[in-house]
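Peer 1: quick check, what structure comes out for this input:
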Amino acid sequence: MDRIFIEALEVDTIIGVYEWERTIHQSLRLDLTLATDIRSAAATDDLRLTLDYATICQRIQQFADTHQFALVETFAERLAACLRNDFPISWLRLTVHKPGAVPNARSVGLEITRGTLPEETGAPAS
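Peer 2: Coordinates of the predicted model:
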């Protein structure tokens, strides 16, 4: 299974458990790895046969613009479900960084994986 990645995507959203956090936009930085089979797209040079990362990034920003959560965990879980629902993604890894949340740390956050990777047979790729 091939993997498309998006690194350090910054989105602004309202997120946090403290009352003051619920009144401001904060930046989150996302890293995504998305499993898909790119062979048809590569053979035909057709964007419609792969995951269009520009469209995925737009969908992520739309999600961040229209949802508010207290927990980064909830943001991650719901975003993963949204992406798997909207795009043909069998498996994903999503890392959400919340820079500045802890004064002495560059960033805090979490990483989740959802879905199933197809079994690798060990056979050479065709």
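Peer 1: now do the helices in the protein.
Peer 2: Assigned helices in the chain, in chain order: 39-44, 53-66, 72-86 (criterion: DSSP state H).
Peer 1: of those, which stretch is the most buried?
Peer 2: Greatest average neighbour count among the helices of the chain goes to helix 72-86 (a mean of 16), per mean count of other C-beta atoms under 10 Å. In short, each C-beta sits where N, CA and C put it, glycine included.
Peer 1: average pLDDT across that helix?
Peer 2: Across helix 72-86, pLDDT averages out at 98.
Peer 1: equivalent analysis for stretch 35-52, please.
Peer 2: Here the average pLDDT along stretch 35-52 is 95.
Peer 1: between the two ends of it, how far is it?
Peer 2: 12 Å (C-alpha to C-alpha, to the nearest Å).
Peer 1: and that stretch, how far out from the chain middle?
Peer 2: 19 Å (C-alpha atoms, centre = their mean, to the nearest Å).
Peer 1: can you list contacts of it?
Peer 2: Contact partners of stretch 35-52, identified using C-beta atoms under 8 Å, 6 or more residues apart in numbering, comprise 1-4, 34, 87-92, 115, 117-118, 126.
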